[in-house]
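In: Sequence and predicted structure are below.
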Amino acid sequence: MPTEAKVATVAELVEAFSASPSAVVSDYRGLTVSDIGKVRRELREKGITYKVVKNRLAKIAADQAGRPALAELLTGPSAVALGGTDEASLARGLLDAVRPYRTVVVRGAIVGNTAIDGDGVTRLAALPGREVLLAQLAGSIASPLSSMASLLAAPLRNLGYALAQVRDQKAGEPAA
């Protein structure tokens, strides 16, 4: 029979897993309590929470939250990073925070309901942020539009140059 503390922990994890669109699972083996505190403080500044979880309770919470792919990553000592502004910033923030600790291994992540491995997390962290990607998209959409506007304005601009030269010739001034 589950205790009230375990039920509360599962409820808290269900809420956290449901609220975050992505989660990164890592091994925290080799970290001292003070090291985990440092990692948590660094991540908290970026809007990311880092929770050491019991695998059995986290698997129950993942199933209840509708994230069954997360349960597959929960083997051995596990810590879950949740939050961030987007998936790339979550991955980048966790990798930056645990970089000084060589013993920490990132097992994988859940983006939406898709699981990715540890190498995928590294590649995800290398992506630019959401704002940069949106700016690049807007630039790639605006570039052909500005080229089209320039091409459509060219005949009218050339006609204006030709009329100015005719005016200058009739006025007796040499063309520039």
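Out: Good, I have the coordinates. Residues are numbered from 1 along each chain as shown.
In: pLDDT (mean, whole number) over the helix ranked longest in the chain?
Out: Using DSSP state H to define each element, the chain has its longest helix at helix 130-170. What helix 130-170 shows for mean pLDDT is 83.
In: for that helix, the distance to its chain's centre please.
Out: 36 Å (CA atoms, centre = their mean, to the nearest Å).
In: what does stretch 55-75 give?
Out: The answer for stretch 55-75 is 22 Å, by CA atoms, centre = their mean.
In: contacts for that stretch?
Out: For stretch 55-75, the surrounding residues in contact (CB atoms under 8 Å, 6 or more residues apart in numbering) are 6, 9-11, 13-14, 17-18, 23, 25, 53, 76, 78, 80, 107-110, 113-115. (C-beta placed from N, C-alpha, C; glycine too.)
In: Next step: those residues restricted to helices.
Out: Secondary structure from DSSP H places Lys6, Thr9, Val10, Ala11, Leu13, Val14, Phe17, Ser18 of these in helices.
In: re earlier: so what secondary structure elements neighbour the longest helix of the chain?
Out: When contacts are defined as 3 or more CB pairs under 8 Å, 6 or more residues apart in numbering; DSSP states H and E, helix 130-170 packs onto no helix or strand at all.
In: tell me the centre residue of this protein?
Out: Nearest to the geometric centre of the chain sits Ala88, at 2.3 Å (CA atoms, centre = their mean).
In: How many neighbouring residues does the closest residue in space to that residue that isn't next to it in sequence have?
Out: Leaving out its chain neighbours, the residue that sits closest to Ala88 by CB to CB, 6 or more residues apart in numbering is Leu127, at 4.4 Å. Leu127 has 15 neighbouring residues, counting by other CB atoms under 10 Å.
In: just Pro68 next, same as before
Out: Pro68: 13 surrounding residues under other CB under 10 Å.
In: So for it, what's the pLDDT?
Out: Looking at Pro68, its pLDDT is 86.
In: Show me which of the ones in helices among the contacts of stretch 55-75 are buried.
Out: Buried members of the ones in helices among the contacts of stretch 55-75, counted by 16 or more other CB atoms under 10 Å: Thr9, Val10, Leu13, Val14, Phe17.
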